[in-house]
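**Q** Coordinates only, no sequence provided:
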């Protein structure tokens, strides 16, 4: 966005607004019957409650990688949705691998925020007030989206989602190392 002219900048912004709608709308239409049967927000909160039960029962080692599905079946209340994932990456990680995952994930978030901090102030900026590497703010914004998405979904367990996410987060750290 920094080096784009007026029309191109507007085109990128319009694309940024239209693309999410174009991605979400077909999914919403495809899942209309499921949504009518069960509100997605209440389904997620019941999944989160199940994850919390699993964490309370198995705080040290968790139920094992991929074990949320079986444990959810055991701890969920009658009539609640049958879910294979907690639909909250941080809770699912703690349920499957123990609460020690939470400080590790917090350390990852802190390290990422620390690598982005110079862009907030004057560090990492050129004389014109633009980031010295225009891709760095974009990478950090993408990483924030990836890690923020884990608050409402479970993409980490899907390699098609997790691998690009890991590359984005790794690229943030590499960009910071190059800037140092």
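**A** That came through, no problem. Bear in mind the structure is a predicted one, so any value in this text is a computation, not a measurement.
**Q** mind listing the helices for the protein?
**A** In the chain, the helices defined using DSSP state H lie at 6-30, 32-37, 40-57, 68-75, 89-97, 101-120, 135-149, 159-179.
**Q** Burial check on residue 54, number of neighbours?
**A** By other CB atoms under 10 Å, the residues close to residue 54 number 24. For every residue, glycine as well, the C-beta is placed using N, CA and C.
**Q** now do residue 60
**A** Around residue 60 sit 8 other residues, with neighbours defined as other CB under 10 Å.
**Q** residues touching it, list them.
**A** By CB atoms under 8 Å, 6 or more residues apart in numbering, the residues touching residue 60 are 98-100.
**Q** again, 7 Å this time
**A** Residues near residue 60 by CB atoms under 7 Å, 6 or more residues apart in numbering: residue 98.
**Q** tell me the pLDDT at it?
**A** We have a pLDDT of 95 for residue 60.
**Q** For residue 160, give its distance to residue 63.
**A** For residue 160, the distance to residue 63 equals 24 Å [CB to CB, to the nearest Å].
**Q** The two: which is more packed in?
**A** Comparing residue 160 with residue 63 by other CB under 10 Å, the one with more neighbours is residue 63, at 22 against 7.
**Q** Could you dump the helices of the chain into CSV and include mean pLDDT and distance to residue 83?
**A** Output for the helices of the chain, formatted as CSV (pLDDT from 0 to 100; distance: least, CB to CB, whole Å):
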stretch, mean pLDDT, distance to residue 83
helix 6-30, 72, 17
helix 32-37, 69, 12
helix 40-57, 90, 5
helix 68-75, 92, 6
helix 89-97, 93, 10
helix 101-120, 81, 19
helix 135-149, 78, 17
helix 159-179, 77, 17
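**Q** Point out the most buried one among those.
**A** Counting by mean count of other CB atoms under 10 Å, helix 89-97 has the highest mean neighbour count of these, with a mean of 24.
**Q** Report the contact partners of residue 154.
**A** Taking CB under 7 Å, 6+ apart, we find residue 154 in contact with 85-87, 89, 92.
**Q** Phi first, then psi, for the residue lying closest to it once chain neighbours are set aside.
**A** Nearest non-adjacent residue to residue 154, counting by CB to CB, 6 or more residues apart in numbering: residue 85, 3.8 Å away. With angles defined as degrees, to the nearest 10, residue 85 sits at phi -140, psi 160.
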